[in-house]
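A.B. asks: heads up, no residue letters with this:
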(Lines give C-alpha, C1' and ligand atoms only; values in the text may rest on other atoms or scores of the structure.)
Protein backbone atom coordinates (compact mmCIF):
# COMPACT_ATOMS: atom_id res chain seq x y z
CA UNK A 1 0.00 0.00 0.00
CA UNK A 2 1.14 3.53 -0.76
CA UNK A 3 0.17 6.37 1.57
CA UNK A 4 -0.13 9.93 0.21
CA UNK A 5 0.02 12.51 2.99
CA UNK A 6 0.77 16.17 3.74
CA UNK A 7 4.50 16.36 4.42
CA UNK A 8 4.08 19.84 5.98
CA UNK A 9 1.59 18.64 8.63
CA UNK A 10 3.22 17.90 12.02
CA UNK A 11 0.40 15.57 13.06
CA UNK A 12 0.59 13.70 9.73
CA UNK A 13 4.37 13.34 10.07
CA UNK A 14 4.07 12.06 13.64
CA UNK A 15 1.52 9.46 12.59
CA UNK A 16 3.70 8.48 9.62
CA UNK A 17 6.71 8.06 11.90
CA UNK A 18 4.65 5.95 14.31
CA UNK A 19 3.35 3.73 11.49
CA UNK A 20 6.85 3.29 10.04
CA UNK A 21 8.12 2.00 13.40
CA UNK A 22 5.47 -0.72 13.47
CA UNK A 23 6.05 -4.03 11.77
CA UNK A 24 3.86 -3.81 8.67
CA UNK A 25 4.46 -5.47 5.36
CA UNK A 26 1.38 -3.85 3.83
CA UNK A 27 2.63 -0.25 3.75
CA UNK A 28 5.29 -0.05 1.07
CA UNK A 29 5.91 3.67 0.98
CA UNK A 30 4.79 7.01 2.40
CA UNK A 31 4.81 9.82 -0.18
CA UNK A 32 4.23 13.47 0.73
CA UNK A 33 2.14 15.15 -1.96
CA UNK A 34 4.67 18.01 -2.02
CA UNK A 35 7.44 15.74 -3.35
CA UNK A 36 8.43 15.27 -6.98
CA UNK A 37 8.07 11.56 -6.34
CA UNK A 38 4.32 12.12 -5.92
CA UNK A 39 4.04 13.74 -9.35
CA UNK A 40 5.87 10.87 -11.06
CA UNK A 41 4.63 7.82 -9.15
CA UNK A 42 0.99 8.64 -8.30
CA UNK A 43 -0.88 9.78 -11.41
CA UNK A 44 -4.27 8.53 -10.12
CA UNK A 45 -4.51 11.06 -7.26
CA UNK A 46 -4.55 14.73 -8.17
CA UNK A 47 -2.59 17.27 -6.15
CA UNK A 48 -5.83 19.05 -5.21
CA UNK A 49 -7.32 15.81 -3.89
CA UNK A 50 -4.11 15.06 -1.97
CA UNK A 51 -4.22 18.53 -0.39
CA UNK A 52 -7.73 17.83 0.89
CA UNK A 53 -7.20 14.38 2.39
CA UNK A 54 -4.89 11.51 3.18
CA UNK A 55 -5.01 8.78 0.52
CA UNK A 56 -4.07 5.12 0.44
CA UNK A 57 -3.58 3.10 -2.71
CA UNK A 58 -3.66 -0.67 -2.22
CA UNK A 59 -1.56 -3.07 -4.24
CA UNK A 60 -4.66 -3.89 -6.32
CA UNK A 61 -5.20 -0.18 -7.09
CA UNK A 62 -8.08 0.53 -4.68
CA UNK A 63 -7.97 4.14 -3.49
CA UNK A 64 -9.29 5.29 -0.14
CA UNK A 65 -9.24 8.79 1.26
CA UNK A 66 -9.95 10.64 4.47
CA UNK A 67 -11.08 8.65 7.49
CA UNK A 68 -11.32 5.48 5.38
CA UNK A 69 -7.63 5.83 4.54
CA UNK A 70 -6.76 6.31 8.22
CA UNK A 71 -8.63 3.12 9.07
CA UNK A 72 -6.88 1.31 6.22
CA UNK A 73 -3.51 2.30 7.67
CA UNK A 74 -4.61 1.22 11.15
CA UNK A 75 -5.69 -2.18 9.80
CA UNK A 76 -2.16 -2.68 8.44
CA UNK A 77 -0.59 -2.17 11.88
CA UNK A 78 -0.10 -4.93 14.44
CA UNK A 79 -1.91 -5.50 17.69
CA UNK A 80 -4.78 -3.37 18.93
CA UNK A 81 -4.43 -0.86 16.05
CA UNK A 82 -5.49 -3.51 13.54
CA UNK A 83 -8.67 -4.25 15.50
CA UNK A 84 -9.48 -0.59 16.04
CA UNK A 85 -9.07 -0.03 12.29
CA UNK A 86 -11.50 -2.85 11.51
CA UNK A 87 -14.01 -1.71 14.12
CA UNK A 88 -13.98 1.96 13.07
CA UNK A 89 -14.37 1.10 9.38
CA UNK A 90 -17.92 -0.15 9.94
CA UNK A 91 -21.02 2.03 10.08
CA UNK A 92 -22.10 3.98 12.04
CA UNK A 93 -18.60 4.81 13.33
CA UNK A 94 -17.26 5.23 9.79
CA UNK A 95 -20.10 7.63 8.94
CA UNK A 96 -19.39 9.75 12.01
CA UNK A 97 -15.62 9.70 11.51
CA UNK A 98 -15.60 11.29 8.06
CA UNK A 99 -16.98 14.72 9.12
CA UNK A 100 -14.46 14.82 11.97
CA UNK A 101 -11.67 13.90 9.57
CA UNK A 102 -12.70 16.69 7.16
CA UNK A 103 -12.74 19.17 10.05
CA UNK A 104 -9.25 18.07 11.08
CA UNK A 105 -7.96 18.17 7.49
CA UNK A 106 -9.19 21.73 6.93
CA UNK A 107 -7.51 22.85 10.15
CA UNK A 108 -4.43 20.61 10.23
CA UNK A 109 -1.93 23.47 9.97
CA UNK A 110 -3.44 25.20 13.02
CA UNK A 111 -3.80 21.91 14.92
CA UNK A 112 -0.21 21.06 14.00
CA UNK A 113 1.05 24.25 15.60
CA UNK A 114 -0.79 23.37 18.82
CA UNK A 115 0.32 19.74 18.60
CA UNK A 116 4.03 20.42 18.19
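C.D. replies: Here it is on my side, so go on. What you see is a predicted model, and the numbers here were worked out from it, not measured in a lab.
A.B. asks: what lines up beside the strand or helix carrying residue 3 in the sheet?
C.D. replies: Secondary structure assigned from DSSP states H and E places residue 3 in strand 2-5. Looking at strand 2-5 with DSSP bridges, its partner strands are strand 29-32 (parallel), strand 55-57 (antiparallel).
A.B. asks: between those, which one is closest to residue 110.
C.D. replies: Residue 110 sits nearest to strand 29-32 of all the strands paired with strand 2-5, at 19.1 Å, using CB to CB. To be clear about C-beta, it is placed using only N, CA and C from the backbone, and glycine gets the same treatment.
A.B. asks: can you list contacts of the closest one?
C.D. replies: Under the criterion CB atoms under 8 Å, 6 or more residues apart in numbering, residues 2-8, 16, 19-20, 37-38, 41-42 lie in contact with strand 29-32.
A.B. asks: most neighbours per residue, which of the strands paired with strand 2-5?
C.D. replies: Of all the strands paired with strand 2-5, strand 55-57 has the most neighbours on average by mean count of other CB atoms under 10 Å, namely a mean of 23.
A.B. asks: mind giving me the packing neighbours of the following helix or strand past that one?
C.D. replies: Of the helices and strands lying after strand 55-57 in sequence (DSSP H and E), the nearest is strand 63-65. Using 3 or more CB pairs under 8 Å, 6 or more residues apart in numbering; DSSP states H and E, the elements in contact with strand 63-65 are strand 55-57.
A.B. asks: any weak-confidence spans in this protein?
C.D. replies: By pLDDT under 70, the weakly predicted segments of the chain are 23-25, 115-116.
A.B. asks: tell me where it has helices.
C.D. replies: For the chain, applying DSSP state H gives helices covering 10-21, 36-41, 47-52, 67-76, 80-88, 93-106, 108-115.
A.B. asks: return the most buried member of those helices.
C.D. replies: Sort the helices of the chain by mean neighbour count, taking mean count of other CB under 10 Å, and helix 67-76 sits at the top with a mean of 22.
A.B. asks: report the inter-axis angle for it versus helix 80-88.
C.D. replies: Orientation of helix 67-76 against helix 80-88 (axes from the mean of the first three to the mean of the last three CA atoms, to 10 degrees) gives an angle of 140 degrees.
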